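Visitor: just need the structure, nothing else, for what follows:
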Amino acid sequence: MLLSAVLLSGSCSSSEDGRISWGRLPDLPNPPSVSEYLSVPLGVSAPFTGLLGETLVVAGGCNFPDKPVADGGCKRFYDEIWALDLSGNANAWKLVGHLPRALAYGCSVTTPSGIVCVGGNDSERSFAECFSLRWSADRSEIVAHPLQSLPCTVDNSSTAFSSGSVFVAGGNCDGQPSRMVFRGDLSPEGDSIQWNKMSDFPGPARVQPVLAAIGSGTDLQVCLAGGFQPGDNKVPPQIPSNVLVWKENEWTEVSSLPTLSEGSPRTLTGGCAVAMADNSVLFFGGVNYDCFFAAVDRPRCIAEAEAAGDSLTVAKLKEEGREYLRHDVSWYKFNDDLWLYNIASGEWKCLGTNESLARAGAGAVICENNVFIVCGELKPGIRTPQVSVVTINE
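Guide: Purely as a prediction, here's the structure:
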């Protein structure tokens, strides 16, 4: 993989000890329907992402192309499939196909026979369909090949792959926050998959969690973190800050996420996880625990203050809600550090920090020692077209 051939000029930097390198690939272009009237790339959130050989693939996703959500903009969903050749033969994204429909908030994972994509939603409903993205026979386009659907609609979940099995955990199942986990046995040719329900993971539901799978056979482990269980006007939300591991048909809590520098809890909600080859998982990105909790718990706090007749608190909370989408990017404090967790030893190690990690709803793909981070949100409602690469040299 001649990655240096597609890195943007002047975009590379390294950590002081040289173990981590940070680089930029070309920005993801706007879809044709948007580029007709908007020349600046916007980027998308929650796309399908994966690798087909030495080609990075990004499909679907959503953004607010006409005006920001803070000003009442409408979210638009896309069906374009984009490809970037990482072998050094090209240095620009190409439009190479279309999804069966415009989609975002599904989950995807690279397998030896294609990129398996699961569920997702558009502006009207969620879907249970699954498909595999693969090159056409003449490699002129990438085509979505149907696979067996899940038994329920799924969105805002996470997926992982190991030893011929695709795992899907959490998210919304049939519109409800879920603790469900599915295992799909993929045929060697990648043309069929058989889904089976696994045991639910313990604790609260997890919408927008992260998932990684390591090992095979009796050594297979599936690592789950992040996500949140929404609350209502009477019950506060729950935002887990722990790590669960499934092994030999049993879920176990194995660790807490490292706290933030000021000592507050960490969440990986909306973040990323990728498995390394040495019993380790890389975690990065996602929202700030305190900022996110305050936002999702605000309706309950308003209802509580209204019930108590506390008009001053009601007014204050409603004003905070109106201003929530209008702060600078730095106010939201998305996670910008890269953590390595060794499942065998339970050891956490911070490998470095970089602004390119501070994303929610980004796509993440690993190939050898390169981790690709695709688009995502800089803050609620605001996407980035940036595609970054982190190279781990140790």
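Visitor: what sits against Pro177?
Guide: Residues counted as contacts of Pro177 (CB atoms under 8 Å, 6 or more residues apart in numbering) are 205-207, 229-230. All C-beta spots, glycine's among them, are computed from the backbone N, C-alpha and C.
Visitor: recalculate using a threshold of 6 Å.
Guide: 205, 207, 229-230 (CB atoms under 6 Å, 6 or more residues apart in numbering).
Visitor: ok, and the closest non-adjacent residue to Pro380?
Guide: Leu325 (5.6 Å; CB to CB, 6 or more residues apart in numbering).
Visitor: so the one you found: helix, strand or coil?
Guide: Recorded secondary structure, Leu325: helix (DSSP: H, G, I helix; E, B strand; the rest coil).
Visitor: likewise the one 10 residues further on?
Guide: When states are read from three-state DSSP, the local structure at Asn335 comes out as coil.
Visitor: what's the spacing between it and Cys291?
Guide: 11 Å (CB to CB, to the nearest Å).
Visitor: and those two? which has more neighbours close in?
Guide: Asn335 (27 against 17; other CB atoms under 10 Å).
Visitor: ok, the more buried one touching Gly286?
Guide: Yes. Counting by CB atoms under 6 Å, Asn335 does reach Gly286; the two are 5.1 Å apart.
Visitor: quick one: low-confidence ranges for the stretch 151-300 of the chain?
Guide: Across the stretch 151-300 of the chain, nothing is flagged by pLDDT under 70.
Visitor: quick one, helices of the chain?
Guide: Ranges of helices in the chain, per DSSP state H, are 32-35, 289-307, 311-323.
Visitor: let me see the contact set for the residue nearest to Pro380.
Guide: Leu325 touches 70, 380-381, counting by CB under 6 Å, 6+ apart.
Visitor: name the nearest of these relative to Ala275.
Guide: Nearest to Ala275 among the contacts of Leu325: Pro380, at 28.6 Å, using CB to CB.
Visitor: do you know how far the closest one is from Val222?
Guide: Distance from Pro380 to Val222, by CB to CB: 29 Å.
Visitor: neighbour-wise, which of the two wins?
Guide: Val222 (24 against 20).
Visitor: touching, that one and Phe167? I think so.
Guide: Yes. Counting by CB under 6 Å, Val222 does reach Phe167; the two are 5.4 Å apart.
Visitor: what is in contact with the two at once?
Guide: Joint contacts of Val222 and Phe167 (CB under 6 Å, 6+ apart) are Ala213.
Visitor: give the buried residues for stretch 92-112.
Guide: Residues 93, 96-99, 102-111 are the ones in stretch 92-112 that count as buried (16 or more other CB atoms under 10 Å).
Visitor: measure that stretch end to end?
Guide: Terminal residues of stretch 92-112 lie 24 Å apart, using CA to CA, to the nearest Å.
Visitor: re earlier: and among the helices of the chain, the most buried is which?
Guide: helix 289-307 (a mean of 17; mean count of other CB atoms under 10 Å).
Visitor: next, the angle from that one to helix 311-323.
Guide: 140 degrees (axes from the mean of the first three to the mean of the last three CA atoms, to 10 degrees).
Visitor: which secondary structure elements does helix 289-307 contact?
Guide: Using 3 or more CB pairs under 6 Å, 6 or more residues apart in numbering; DSSP states H and E, the elements in contact with helix 289-307 are helix 311-323.
Visitor: could you say what helices and strands the helix it packs on packs with?
Guide: helix 289-307.
Visitor: circling back: ok, the buried residues of stretch 92-112 vs Ser356, which is closest?
Guide: For these, the nearest to Ser356 is Trp93 (17.7 Å; CB to CB).
Visitor: that closest one is in contact with Glu80, isn't it?
Guide: No. Assessed by CB under 6 Å, Trp93 is found out of contact with Glu80, at 10.0 Å.
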